[in-house]
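Asker: Sharing a model that was predicted from the sequence below.
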Amino acid sequence: MQAITTFFDSLVSVIKTITVMDVLDVAIVSYIVYVAFILVRETRAAQLLKGVIIFLVAYVLASQLGLESLKFLLNAILQFGVVTLVVVFQPEIRRALEKVGRTKLRSLRFFSSGSTVDDATRRKVEKAIVVVCDAADILSGKKTGALIVIERKTKLGDIISTGTVVDAEPSVELFGNLFFVNTPLHDGAVVMRDGRVCAAGCFLPLSQNFEISKELGTRHRAALGVSENSDAVVVVVSEETGLISVACDGHLHRGIERDYLQRLLSNELLPQAPAAEQKKRRFPFGRREHR
Ligand SMILES: Nc1ncnc2c1ncn2[C@@H]1O[C@H](COP(=O)(O)OP(=O)(O)OP(=O)(O)O)[C@@H](O)[C@H]1O
(Lines give C-alpha, C1' and ligand atoms only; values in the text may rest on other atoms or scores of the structure.)
Protein backbone atom coordinates (compact mmCIF):
# COMPACT_ATOMS: atom_id res chain seq x y z
CA MET A 1 0.00 0.00 0.00
CA GLN A 2 2.88 2.27 0.95
CA ALA A 3 4.55 1.55 -2.41
CA ILE A 4 1.37 2.42 -4.34
CA THR A 5 1.00 5.71 -2.44
CA THR A 6 4.63 6.59 -3.14
CA PHE A 7 4.15 5.73 -6.83
CA PHE A 8 1.06 7.97 -7.12
CA ASP A 9 2.81 10.77 -5.19
CA SER A 10 5.73 10.75 -7.60
CA LEU A 11 3.32 10.51 -10.58
CA VAL A 12 1.42 13.57 -9.35
CA SER A 13 4.65 15.52 -8.81
CA VAL A 14 5.81 14.63 -12.35
CA ILE A 15 2.44 15.70 -13.80
CA LYS A 16 2.69 18.99 -11.91
CA THR A 17 5.98 19.78 -13.68
CA ILE A 18 4.39 19.39 -17.16
CA THR A 19 3.86 22.75 -18.83
CA VAL A 20 1.73 23.82 -21.78
CA MET A 21 4.92 24.04 -23.86
CA ASP A 22 5.71 20.37 -23.06
CA VAL A 23 2.28 19.33 -24.30
CA LEU A 24 2.74 21.46 -27.43
CA ASP A 25 6.19 19.97 -27.96
CA VAL A 26 4.89 16.38 -27.75
CA ALA A 27 1.91 17.23 -30.00
CA ILE A 28 4.19 18.70 -32.71
CA VAL A 29 6.59 15.74 -32.60
CA SER A 30 3.63 13.30 -32.75
CA TYR A 31 2.24 15.14 -35.78
CA ILE A 32 5.62 15.04 -37.55
CA VAL A 33 5.95 11.29 -36.88
CA TYR A 34 2.37 10.77 -38.13
CA VAL A 35 3.01 12.76 -41.33
CA ALA A 36 6.32 10.92 -41.90
CA PHE A 37 4.50 7.61 -41.50
CA ILE A 38 1.78 8.65 -43.99
CA LEU A 39 4.44 9.80 -46.49
CA VAL A 40 6.40 6.55 -46.40
CA ARG A 41 3.46 4.18 -45.81
CA GLU A 42 3.23 2.93 -49.37
CA THR A 43 6.84 3.20 -50.43
CA ARG A 44 9.83 0.95 -49.99
CA ALA A 45 10.86 3.36 -47.22
CA ALA A 46 8.18 1.71 -45.05
CA GLN A 47 10.33 -1.43 -44.82
CA LEU A 48 13.27 0.81 -44.06
CA LEU A 49 11.35 2.38 -41.20
CA LYS A 50 10.79 -1.06 -39.65
CA GLY A 51 14.50 -1.82 -40.08
CA VAL A 52 15.47 1.45 -38.39
CA ILE A 53 13.13 0.75 -35.44
CA ILE A 54 14.57 -2.77 -34.99
CA PHE A 55 18.07 -1.30 -35.22
CA LEU A 56 17.32 1.34 -32.57
CA VAL A 57 15.75 -1.25 -30.22
CA ALA A 58 18.87 -3.43 -30.63
CA TYR A 59 21.07 -0.41 -29.90
CA VAL A 60 19.17 0.50 -26.73
CA LEU A 61 19.22 -3.13 -25.52
CA ALA A 62 22.96 -3.41 -26.24
CA SER A 63 23.57 -0.23 -24.24
CA GLN A 64 21.39 -1.31 -21.31
CA LEU A 65 22.81 -4.84 -21.14
CA GLY A 66 26.40 -3.64 -21.51
CA LEU A 67 27.07 -5.62 -24.72
CA GLU A 68 30.06 -3.51 -25.69
CA SER A 69 31.09 -5.28 -28.94
CA LEU A 70 27.53 -5.20 -30.31
CA LYS A 71 27.20 -1.56 -29.29
CA PHE A 72 30.48 -0.74 -31.03
CA LEU A 73 29.31 -2.50 -34.20
CA LEU A 74 25.89 -0.77 -34.22
CA ASN A 75 27.61 2.56 -33.56
CA ALA A 76 29.88 2.08 -36.56
CA ILE A 77 26.89 1.19 -38.78
CA LEU A 78 25.02 4.24 -37.49
CA GLN A 79 27.84 6.58 -38.51
CA PHE A 80 27.78 5.47 -42.18
CA GLY A 81 24.12 4.51 -42.14
CA VAL A 82 22.69 8.02 -42.26
CA VAL A 83 24.68 8.97 -45.38
CA THR A 84 23.87 5.62 -47.03
CA LEU A 85 20.15 6.05 -46.34
CA VAL A 86 20.11 9.55 -47.83
CA VAL A 87 21.79 8.25 -51.01
CA VAL A 88 19.67 5.10 -51.36
CA PHE A 89 16.36 6.80 -50.55
CA GLN A 90 17.04 10.02 -52.42
CA PRO A 91 13.88 9.70 -54.63
CA GLU A 92 11.62 9.09 -51.62
CA ILE A 93 13.19 11.92 -49.62
CA ARG A 94 12.90 14.25 -52.60
CA ARG A 95 9.25 13.30 -53.14
CA ALA A 96 8.43 13.70 -49.44
CA LEU A 97 10.05 17.16 -49.33
CA GLU A 98 8.25 18.17 -52.52
CA LYS A 99 4.95 17.04 -51.00
CA VAL A 100 5.64 19.14 -47.92
CA GLY A 101 6.54 22.06 -50.21
CA ARG A 102 3.30 21.66 -52.16
CA THR A 103 1.18 21.79 -49.03
CA LYS A 104 -0.84 24.96 -49.00
CA LEU A 105 -2.07 26.42 -45.75
CA ARG A 106 -5.58 26.67 -47.09
CA SER A 107 -5.53 22.98 -47.98
CA LEU A 108 -5.31 22.26 -44.26
CA ARG A 109 -8.80 21.70 -42.94
CA PHE A 110 -8.72 24.74 -40.65
CA PHE A 111 -7.98 27.09 -43.53
CA SER A 112 -9.99 25.30 -46.20
CA SER A 113 -12.10 27.70 -48.21
CA GLY A 114 -12.93 25.61 -51.23
CA SER A 115 -11.77 25.53 -54.80
CA THR A 116 -9.46 28.26 -56.05
CA VAL A 117 -9.44 27.30 -59.70
CA ASP A 118 -11.47 29.68 -61.84
CA ASP A 119 -14.27 28.37 -64.05
CA ALA A 120 -12.39 28.89 -67.31
CA THR A 121 -9.41 26.79 -66.18
CA ARG A 122 -11.71 24.15 -64.78
CA ARG A 123 -13.58 23.87 -68.09
CA LYS A 124 -10.27 23.66 -70.00
CA VAL A 125 -9.03 20.85 -67.75
CA GLU A 126 -12.38 19.03 -67.96
CA LYS A 127 -12.24 19.18 -71.76
CA ALA A 128 -8.61 18.00 -71.79
CA ILE A 129 -9.53 15.03 -69.56
CA VAL A 130 -12.26 13.91 -71.98
CA VAL A 131 -9.89 14.23 -74.94
CA VAL A 132 -7.12 12.28 -73.17
CA CYS A 133 -9.60 9.51 -72.28
CA ASP A 134 -11.03 9.32 -75.82
CA ALA A 135 -7.53 9.31 -77.31
CA ALA A 136 -6.30 6.64 -74.87
CA ASP A 137 -9.34 4.50 -75.69
CA ILE A 138 -8.78 4.76 -79.45
CA LEU A 139 -5.01 4.21 -79.19
CA SER A 140 -5.69 1.24 -76.93
CA GLY A 141 -8.02 -0.28 -79.57
CA LYS A 142 -5.30 0.13 -82.22
CA LYS A 143 -2.54 -1.03 -79.87
CA THR A 144 -0.60 2.17 -80.47
CA GLY A 145 1.80 2.90 -77.61
CA ALA A 146 1.30 6.23 -75.82
CA LEU A 147 2.74 8.06 -72.86
CA ILE A 148 0.95 11.21 -71.64
CA VAL A 149 2.29 13.13 -68.65
CA ILE A 150 -0.14 15.59 -67.06
CA GLU A 151 1.68 18.23 -65.06
CA ARG A 152 0.24 19.40 -61.75
CA LYS A 153 2.06 21.52 -59.19
CA THR A 154 5.57 20.16 -59.75
CA LYS A 155 6.91 22.00 -62.77
CA LEU A 156 8.30 19.68 -65.44
CA GLY A 157 10.41 22.23 -67.33
CA ASP A 158 13.50 19.98 -67.27
CA ILE A 159 11.50 17.15 -68.89
CA ILE A 160 9.81 19.46 -71.42
CA SER A 161 13.24 20.74 -72.49
CA THR A 162 14.22 17.21 -73.60
CA GLY A 163 11.43 17.19 -76.20
CA THR A 164 9.88 19.41 -78.83
CA VAL A 165 7.53 22.22 -77.85
CA VAL A 166 4.05 21.75 -79.35
CA ASP A 167 1.81 24.15 -77.39
CA ALA A 168 -1.49 23.07 -78.93
CA GLU A 169 -5.06 22.49 -77.90
CA PRO A 170 -5.51 18.77 -77.20
CA SER A 171 -7.57 16.75 -79.65
CA VAL A 172 -7.96 13.07 -80.38
CA GLU A 173 -6.51 13.66 -83.86
CA LEU A 174 -3.43 15.40 -82.43
CA PHE A 175 -2.70 12.50 -80.06
CA GLY A 176 -3.26 10.09 -82.95
CA ASN A 177 -0.65 11.95 -84.99
CA LEU A 178 1.85 12.37 -82.18
CA PHE A 179 1.87 8.67 -81.28
CA PHE A 180 1.54 7.34 -84.84
CA VAL A 181 4.34 4.82 -85.28
CA ASN A 182 7.47 6.06 -87.02
CA THR A 183 6.50 9.73 -86.95
CA PRO A 184 9.33 11.95 -85.61
CA LEU A 185 7.68 12.65 -82.23
CA HIS A 186 6.12 9.27 -81.47
CA ASP A 187 9.11 8.16 -79.38
CA GLY A 188 8.95 9.51 -75.85
CA ALA A 189 6.27 11.24 -73.82
CA VAL A 190 3.77 14.01 -74.42
CA VAL A 191 3.64 16.53 -71.58
CA MET A 192 0.43 18.43 -70.86
CA ARG A 193 0.31 21.68 -68.93
CA ASP A 194 -2.76 23.74 -68.00
CA GLY A 195 -5.03 21.70 -70.25
CA ARG A 196 -2.80 22.08 -73.34
CA VAL A 197 -0.36 19.79 -75.10
CA CYS A 198 2.90 21.43 -74.15
CA ALA A 199 5.61 19.19 -75.65
CA ALA A 200 6.16 15.82 -77.30
CA GLY A 201 9.03 13.36 -77.66
CA CYS A 202 10.12 14.04 -74.08
CA PHE A 203 12.48 11.80 -72.16
CA LEU A 204 11.36 10.74 -68.68
CA PRO A 205 13.43 9.43 -65.77
CA LEU A 206 13.09 5.66 -65.38
CA SER A 207 11.79 4.26 -62.11
CA GLN A 208 14.41 2.85 -59.77
CA ASN A 209 11.81 0.58 -58.18
CA PHE A 210 13.14 -2.98 -58.40
CA GLU A 211 9.76 -4.45 -57.40
CA ILE A 212 8.14 -3.57 -60.74
CA SER A 213 6.89 -6.58 -62.66
CA LYS A 214 9.49 -7.91 -65.11
CA GLU A 215 6.92 -7.91 -67.91
CA LEU A 216 6.81 -4.10 -67.89
CA GLY A 217 9.21 -2.39 -70.25
CA THR A 218 10.70 1.06 -70.33
CA ARG A 219 7.48 2.91 -71.28
CA HIS A 220 5.83 1.85 -68.03
CA ARG A 221 9.03 2.34 -66.04
CA ALA A 222 9.32 5.86 -67.42
CA ALA A 223 5.68 6.57 -66.41
CA LEU A 224 6.37 5.31 -62.90
CA GLY A 225 9.67 7.19 -62.76
CA VAL A 226 8.11 10.61 -63.38
CA SER A 227 5.28 9.84 -60.95
CA GLU A 228 7.88 9.00 -58.28
CA ASN A 229 9.73 12.26 -58.81
CA SER A 230 6.76 14.60 -59.14
CA ASP A 231 3.02 14.86 -58.57
CA ALA A 232 2.31 14.35 -62.28
CA VAL A 233 -0.40 11.92 -63.39
CA VAL A 234 0.72 9.73 -66.29
CA VAL A 235 -1.48 7.84 -68.74
CA VAL A 236 0.17 4.93 -70.55
CA VAL A 237 -1.16 2.84 -73.43
CA SER A 238 0.72 -0.37 -74.02
CA GLU A 239 1.76 -1.07 -77.59
CA GLU A 240 1.99 -4.76 -76.77
CA THR A 241 -1.34 -5.37 -75.02
CA GLY A 242 -3.34 -2.19 -75.65
CA LEU A 243 -3.91 -1.93 -71.87
CA ILE A 244 -4.39 1.54 -70.42
CA SER A 245 -2.52 2.26 -67.18
CA VAL A 246 -2.12 5.26 -64.93
CA ALA A 247 0.95 6.09 -62.86
CA CYS A 248 0.42 8.43 -59.94
CA ASP A 249 2.36 8.99 -56.75
CA GLY A 250 4.74 6.12 -57.53
CA HIS A 251 1.95 3.58 -58.12
CA LEU A 252 0.98 1.97 -61.39
CA HIS A 253 -2.68 1.08 -61.94
CA ARG A 254 -3.07 -1.23 -64.91
CA GLY A 255 -5.91 -2.41 -67.08
CA ILE A 256 -8.13 0.65 -66.70
CA GLU A 257 -11.36 1.09 -68.69
CA ARG A 258 -12.14 4.43 -70.38
CA ASP A 259 -14.88 5.50 -67.94
CA TYR A 260 -12.83 4.59 -64.92
CA LEU A 261 -9.92 6.56 -66.42
CA GLN A 262 -12.13 9.63 -66.76
CA ARG A 263 -13.35 9.44 -63.16
CA LEU A 264 -9.82 8.84 -61.95
CA LEU A 265 -8.35 11.79 -63.87
CA SER A 266 -11.21 14.05 -62.77
CA ASN A 267 -10.58 13.08 -59.17
CA GLU A 268 -6.85 13.72 -59.44
CA LEU A 269 -6.87 16.84 -61.61
CA LEU A 270 -9.99 18.78 -60.69
CA PRO A 271 -10.20 20.43 -57.29
CA GLN A 272 -12.97 19.01 -55.14
CA ALA A 273 -15.51 20.89 -53.11
CA PRO A 274 -14.44 20.93 -49.43
CA ALA A 275 -17.01 18.39 -48.27
CA ALA A 276 -16.26 16.06 -51.14
CA GLU A 277 -12.55 16.52 -50.58
CA GLN A 278 -12.79 15.12 -47.08
CA LYS A 279 -14.49 12.01 -48.41
CA LYS A 280 -12.14 11.75 -51.36
CA ARG A 281 -9.55 9.02 -51.34
CA ARG A 282 -6.89 8.56 -53.92
CA PHE A 283 -8.18 6.13 -56.51
CA PRO A 284 -11.61 5.91 -54.84
CA PHE A 285 -12.77 2.93 -56.87
CA GLY A 286 -10.28 0.61 -55.24
CA ARG A 287 -6.65 0.04 -56.04
CA ARG A 288 -5.93 -1.91 -59.18
CA GLU A 289 -2.24 -2.25 -58.83
CA HIS A 290 -0.17 -4.74 -60.65
CA ARG A 291 3.53 -4.54 -60.44
N1 LIG B 1 12.66 7.17 -70.56
C2 LIG B 1 11.68 7.27 -71.47
N3 LIG B 1 11.04 8.44 -71.64
C4 LIG B 1 10.04 8.55 -72.52
N5 LIG B 1 9.60 7.54 -73.29
C6 LIG B 1 10.21 6.35 -73.16
C7 LIG B 1 11.26 6.15 -72.23
N8 LIG B 1 11.66 4.87 -72.30
C9 LIG B 1 10.87 4.29 -73.24
N10 LIG B 1 9.99 5.16 -73.75
C11 LIG B 1 8.99 4.90 -74.80
O12 LIG B 1 8.60 3.54 -74.69
C13 LIG B 1 8.92 2.87 -75.89
C14 LIG B 1 9.48 1.50 -75.58
O15 LIG B 1 8.56 0.82 -74.88
P16 LIG B 1 8.83 -0.66 -74.33
O17 LIG B 1 8.29 -1.64 -75.30
O18 LIG B 1 10.26 -0.82 -73.90
O19 LIG B 1 8.01 -0.53 -73.01
P20 LIG B 1 6.76 -1.31 -72.44
O21 LIG B 1 6.57 -0.78 -71.05
O22 LIG B 1 6.94 -2.79 -72.63
O23 LIG B 1 5.59 -0.78 -73.33
P24 LIG B 1 4.65 -1.55 -74.34
O25 LIG B 1 3.73 -2.37 -73.49
O26 LIG B 1 4.00 -0.42 -75.05
O27 LIG B 1 5.55 -2.39 -75.23
C28 LIG B 1 9.94 3.72 -76.58
O29 LIG B 1 9.84 3.55 -77.97
C30 LIG B 1 9.58 5.12 -76.15
O31 LIG B 1 8.56 5.65 -77.00
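Answerer: Right, received. Where do you want to start? Numbers count the residues shown, from 1 in each chain.

Asker: so which residue of the stretch 151-291 of the chain comes closest to the ligand?
Answerer: Nearest residue of the stretch 151-291 of the chain to the ligand: Gly217, at 2.3 Å (Cβ to the nearest ligand atom). The way it works is simple: take the backbone N, C-alpha and C, and place the C-beta from them, glycine included.

Asker: Could I get the full set of helices for the chain?
Answerer: Ranges of helices within the chain are 2-17, 20-40, 45-65, 68-88, 90-102, 119-142, 157-160, 172-178, 218-229, 258-269, 274-279, based on DSSP state H.

Asker: Just send the ones you listed back as a markdown table, with mean neighbour count too.
Answerer: Conversion of the helices of the chain to a markdown table gives the following (neighbours: other Cβ atoms under 10 Å):
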| stretch | mean neighbour count |
| --- | --- |
| helix 2-17 | 9 |
| helix 20-40 | 11 |
| helix 45-65 | 13 |
| helix 68-88 | 12 |
| helix 90-102 | 15 |
| helix 119-142 | 17 |
| helix 157-160 | 16 |
| helix 172-178 | 17 |
| helix 218-229 | 22 |
| helix 258-269 | 18 |
| helix 274-279 | 11 |
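
Asker: just checking, which of those helices comes out with the lowest mean pLDDT?
Answerer: Sorting the helices of the chain by mean pLDDT places helix 274-279 lowest, at a mean of 48.

Asker: coming back round to it: tell me the phi and psi of the residue of the stretch 151-291 of the chain closest to the ligand?
Answerer: phi -90, psi -160 (degrees, to the nearest 10).

Asker: For it, grab the count of nearby residues.
Answerer: Per other Cβ atoms under 10 Å, the neighbour tally for Gly217 reads 12.

Asker: Not counting its neighbours along the chain, what's nearest it?
Answerer: Once flanking residues are discounted, Gly217 sits nearest to Glu240: 7.9 Å by Cβ to Cβ, 6 or more residues apart in numbering.

Asker: these two touch, right, that neighbour and Lys143?
Answerer: Yes. Assessed by Cβ atoms under 8 Å, Glu240 is found in contact with Lys143 at 7.5 Å.

Asker: how close does the residue of the stretch 1-150 of the chain at minimum distance from the ligand get to Phe72?
Answerer: For the stretch 1-150 of the chain and the ligand, the shortest gap (Cβ to the nearest ligand atom) falls at Gly145, measuring 3.9 Å. Distance, Gly145 to Phe72, by Cβ to Cβ, to the nearest Å: 55 Å.

Asker: Would you check that Val86 makes contact with Ile93?
Answerer: Yes. Val86 lies in contact with Ile93 (Cβ under 8 Å); the separation is 6.6 Å.

Asker: how about the residues of the stretch 1-150 of the chain near the ligand?
Answerer: Contact residues, the stretch 1-150 of the chain versus the ligand (Cβ under 6 Å from any ligand atom): Gly145, Leu147.

Asker: re earlier: now the residue nearest to Gly217: phi and psi?
Answerer: Dihedral angles for Glu240 - degrees, to the nearest 10 - are phi -80, psi -40.

Asker: Look at it and report its pLDDT.
Answerer: 92.

Asker: Ok, the one 5 residues further on next?
Answerer: According to the predicted model, the pLDDT of Ser245 comes to 96.

Asker: Quick one: neighbours of it, just the number.
Answerer: 25.

Asker: Give the bridge partners for it, please.
Answerer: Beta-bridge pairing of Ser245 under DSSP bridges involves Val236.

Asker: do you know how far it is from Lys142?
Answerer: The spacing between Ser245 and Lys142, counted by Cβ to Cβ, is 16 Å.

Asker: Does anything pack onto the strand ranked longest in the chain? Which helices or strands?
Answerer: For the chain, the longest strand by residue count, based on DSSP state E, is strand 196-202. For strand 196-202, the packing partners by 3 or more Cβ pairs under 8 Å, 6 or more residues apart in numbering; DSSP states H and E come out as helix 157-160, strand 164-168, helix 172-178, strand 189-193.

Asker: I'd like to know which of those lies nearest to Ile18.
Answerer: Closest to Ile18 of these, according to Cβ to Cβ: helix 157-160, at 49.6 Å.
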